[in-house]
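Q: got a predicted model here, sequence first, then my questions.
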Protein chains: 2
Amino acid sequence: MRALARTITLVERRDPSVRDLEEALRSDASTPGVAGFTGAPGTGKSTLVDAVVTHLRGKEKSVAVLATDPNSPFTGGAILGDRIRMQRHALDGKVFIRSMGARGHLGGLSLATREAIRLLGAFGFDEVILETVGVGQSELEVAAVADTTVVVLTPNLGDSVQMIKAGILEIADVFVVNKSDLDGHARVAAELRAMMNLAPKRVWKPPIIATVATRQEGIEQLWSAVVAHRSHLEASGRAKELTEQRLRDETAEVAAELARRRARQALEDDPTLAERLLQDGTPYRTAEEILKRDANR
Amino acid sequence: MRALARTITLVERRDPSVRDLEEALRSDASTPGVAGFTGAPGTGKSTLVDAVVTHLRGKEKSVAVLATDPNSPFTGGAILGDRIRMQRHALDGKVFIRSMGARGHLGGLSLATREAIRLLGAFGFDEVILETVGVGQSELEVAAVADTTVVVLTPNLGDSVQMIKAGILEIADVFVVNKSDLDGHARVAAELRAMMNLAPKRVWKPPIIATVATRQEGIEQLWSAVVAHRSHLEASGRAKELTEQRLRDETAEVAAELARRRARQALEDDPTLAERLLQDGTPYRTAEEILKRDANR
C-alpha cells in the first residue's frame, strides 16, 4: 500500500521515472473497471461510494477509491473530511483510498488519474471508483476518465434542476436517486424519465436506481446497472473505441508536458537562446527551435 | 480594423501562419501598455472601461479593449451584451473592441491574449485594456497578462468581502471604488486600507480611487494611478522581469501546443505507431518517440 501511494505521488508530479514504470508495467496490463460518481454536494455521494465499496468487498473484489477535487490544491492521503466516512475500510488491505487535487498536477487532473488507474491495475486492483468532490468542471473530468458515469441525485428538486442545467444528462450512464426514503423520490425519477424522452435518443438508456446508501439499500441493483453498462460498452465496440481515444489523448498530453518542460529547461540552460527570445519577442520561433534541437541530442 | 480582427482570429486558432506573422512583426515591436480590469458582476466594470476609453481618446491615445471570458465558448466581435455600452466608440477608428472566449482557444486564454497584445502593438495601438467578464479564475488570468491590475469594487459590502475571499488583495495594483456616489464608499475604502495594513507589505502600495463611471468622475485620477504604477514597474526593474518571465512562459506554452498537435498528427499518419500504442498502453514512450522523430524530418 505504501509503495502504491508513493508511486501515485510520482505519477502526480509527472516524475521522469513514470516512463520506466510504464515500461515495467507494460506486460501485466490488466485494466480495472472504472466507475465515476458525480453529483451535487449533499447528495450523499461519499456515503454511496462507501456502500459500493462494502458491496464489492462482499464479493471479494479489491477496490481503489480516487477522490478528485479539481478545485483543491491538496493531494495525498486522508486530507478530505469525507474520507473519515471511509474509516471502516481503513484497515482493509484490499481497499485503497486516495485524494487527488488538481493544482499540483502538471498536465491536468485527468492525465494523472488515468496513469494512476493503470498503476492500480498493475497492482492488482479489480475496481476503481472515482468520486468527485467539489463542483464545476469536475463532472466532465470524471466522465472523461470513467467507463461508467453514475450521476447521484436526491429527492430534493434543487439537485435535479441544477444537474440538468450543467448538461449532465449527456454524460450520465446510470442515475441514482439516493436518500430514496425521503418524500419525492418517485417524482425525481419521473422527471428524469421525462427529460430523457425529450433528449436525443442514445443507444444506451440510463437506468434510474433508487438507493438509501446509509442503509445499504439498492446498492446491489446499482452495481448490476454499472456492470450491465460495462457489458454494453464491450458488446457495442464502444469500450475499444474509448480506450483508443483516451490513449491518443494521453499521448498528446504527455507530449505537451514533455515539450513544456524541455522549453523551460532549454531557456535556463542556454543564455544565448533566452537572450534572443527577449530581444526579438518571438516565442513561436523559439519554441520550434527548441523542439527541433532537443530531439537531436 | 478588419485585417486586425481577422489576424486575431488566426491567433486565437493558433493557425500555423502565426509563426510567420511573428517574424514579420519582429522589427516593429512596440509594446502597448496593458491594464486589466477585474471585479464582481454589477460593479460597473464595463461602464468604467468605457469611461477610461473616453479619457484616453481625449488624450489622443488609441485604445484596444479585449473582453475576456474564460467561461464562454464565444469569441469574436460584438457578441457580449456588455459591448453595446461601448457603442459610442463604435465609429472611432482608433478604438478596437474584441471579445475573446476561452473554450475555443488551443493553449489557453492567456496565451492567445498575449499574442493579441503583441499584434495590437504592431498595429500601432498605444493602450490595451483587458476586461474580465464572468467570474472564477478570470481575475488570475488577467493578472497574469496585464502590467497593471485594477480591481473594481462598489460601496456594496458583498463585493469587497467576496473579493478578499478570492485572494484578490495580492493581485490588485490599483483599487477602484466605483459608484462612489452611493452610501458606504468611505467605509469600503477604510476596510481596504485596514486589510492592506494586515497583509504582508508590498513595495507598491495599491492606491484606492473613488469613481462614478457613469458621470466620468475620478477617471483622470484612476488613469494617473495606472500610469504611476507603470512608472514604478519600470523604475524597479520589475517591468523587465515580467516581460522576460512571460516570454519564457509563452514559449513553453507554444512548445506544449506544438507537441500536442504533432502527437495527434503522428498517431493519425502512422498506423503502426498508433497500433503499438494501443497494444502496449505506453503513452509516455510513444510521446517521447514522436518528439524525437518529428524533429528529424
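A: Received it, and whenever you're ready, just let me know what you need.

Q: from here on, just use CA atoms for contacts and neighbour counts.
A: OK.

Q: is residue A:98 in a helix, a strand, or coil?
A: Here residue A:98 is strand, with the state taken from DSSP: H, G, I helix; E, B strand; the rest coil.

Q: surely it touches residue A:113?
A: No: the pair residue A:98 / residue A:113 is not scored as a contact, 10.8 Å apart, by C-alpha atoms under 8 Å.

Q: neighbour count: these two, which is higher?
A: A count of neighbours by other C-alpha atoms under 10 Å in any protein chain shown puts residue A:113 above the other of residue A:98 and residue A:113, at 24 against 20.

Q: show me the contacts for that one.
A: The contact partners of residue A:113, taken as C-alpha atoms under 8 Å, 6 or more residues apart in numbering or on different chains, are residue A:145.

Q: okay, it and residue B:46: tell me how far apart.
A: Separation of residue A:113 from residue B:46 (C-alpha to C-alpha, to the nearest Å): 40 Å.

Q: the closest residue to chain B within the stretch 51-200 of chain A: which element?
A: Nearest residue of the stretch 51-200 of chain A to chain B: residue A:118, at 8.9 Å (C-alpha to the nearest C-alpha). Here residue A:118 sits within helix A:109-122, counting by DSSP states H and E.

Q: tell me how far that helix lies from the chain's centre.
A: Centre-to-centre, helix A:109-122 and its host chain are 9 Å apart (C-alpha atoms, centre = their mean, to the nearest Å).

Q: now stretch A:141-156
A: Distance, centroid of stretch A:141-156 to centroid of chain: 10 Å (C-alpha atoms, centre = their mean).

Q: same thing with stretch A:23-43?
A: Worked out by C-alpha atoms, centre = their mean, stretch A:23-43 lies 7 Å from the chain centre.

Q: all strands for chain A, in order.
A: Using DSSP state E, the strands found in chain A span residues A:33-39, A:63-69, A:95-101, A:127-132, A:148-153, A:174-177, A:208-210.

Q: for stretch A:266-273, list every residue counted as buried.
A: Buried residues in stretch A:266-273, counted by 16 or more other C-alpha atoms under 10 Å in any protein chain shown: A:266-267, A:273.

Q: in TSV: the residues you listed, plus distance to chain B and pLDDT.
A: Output for the buried residues of stretch A:266-273, formatted as TSV (distance: C-alpha to the nearest C-alpha, whole Å; pLDDT from 0 to 100):
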residue	distance to chain B	pLDDT
A:266	10	95
A:267	7	95
A:273	11	93
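
Q: residues touching residue A:222, list them.
A: Counting by C-alpha under 8 Å, 6+ apart, residue A:222 has contacts A:176, A:209, A:211.

Q: change it to 10 Å
A: Residues near residue A:222 by C-alpha atoms under 10 Å, 6 or more residues apart in numbering or on different chains: A:52, A:150, A:174-176, A:207-211, A:228.

Q: quick one, domains of chain A?
A: Domain ranges of chain A: A:2-236, A:246-295, per automatic domain parsing.

Q: lowest-confidence stretch among those domains?
A: Between those, the one with the least mean pLDDT is domain A:2-236; it has a mean of 80.

Q: so residue A:211 sits against residue A:223, correct?
A: No: checked against C-alpha atoms under 10 Å, the pair residue A:211 and residue A:223 is beyond contact range at 11.1 Å.

Q: more neighbours: those two, which one.
A: Neighbours were counted for residue A:211 and for residue A:223 using other C-alpha under 10 Å; residue A:211 has more, 24 against 17.

Q: what's around residue A:241, how many residues?
A: Neighbour number of residue A:241 under other C-alpha under 10 Å is 12.

Q: now do it, the pLDDT please.
A: Confidence score, pLDDT, at residue A:241: 90.

Q: quick one, what contacts it?
A: So residue A:241 contacts A:233-234 (C-alpha under 10 Å, 6+ apart).

Q: same thing with the one 3 residues further on?
A: The contact partners of residue A:244, by C-alpha under 10 Å, 6+ apart, come to A:238, A:250, B:274-275, B:277-279, B:281.

Q: please report how far the closest residue to chain B within the stretch 151-297 of chain A lies from residue B:278.
A: Of all residues in the stretch 151-297 of chain A, the one sitting closest to chain B is residue A:256 (3.9 Å; C-alpha to the nearest C-alpha). Distance, residue A:256 to residue B:278, by C-alpha to C-alpha: 19 Å.

Q: which one of these two has more residues nearby?
A: More neighbours surround residue A:256 than the other of residue A:256 and residue B:278, with 27 against 18 (other C-alpha under 10 Å).

Q: not counting sequence-adjacent ones, nearest residue to the more buried one?
A: In space, residue A:256 comes closest to residue B:256 once its chain neighbours are excluded; the distance is 3.9 Å by C-alpha to C-alpha, 6 or more residues apart in numbering or on different chains.

Q: tell me if I'm right that the residue of the stretch 151-297 of chain A closest to chain B and residue B:283 touch.
A: No: using C-alpha under 10 Å, residue A:256 is not in contact with residue B:283, being 11.8 Å away.

Q: need the residues touching each of these two.
A: Contact with both residue A:256 and residue B:283 is made by residues residue A:250, according to C-alpha under 10 Å, 6+ apart.

Q: sorry, back to before: contact partners for the residue nearest to residue A:256?
A: A:252-263, A:287, A:291, B:107, B:250, B:262.

Q: how does it look with 7 Å?
A: A:256-257, A:259-260 (C-alpha atoms under 7 Å, 6 or more residues apart in numbering or on different chains).

Q: same deal with residue A:41?
A: Contacts of residue A:41 (C-alpha under 7 Å, 6+ apart): none.

Q: try residue A:270
A: No contacts exist for residue A:270 under C-alpha under 7 Å, 6+ apart.

Q: could you list the buried residues of the longest helix along chain A?
A: Ranked by residue count and defined by DSSP state H, the top helix of chain A is helix A:238-269. Neighbour-count burial for helix A:238-269, counted by 16+ other C-alpha under 10 Å, picks out A:239, A:242, A:244, A:246-264, A:266-267.
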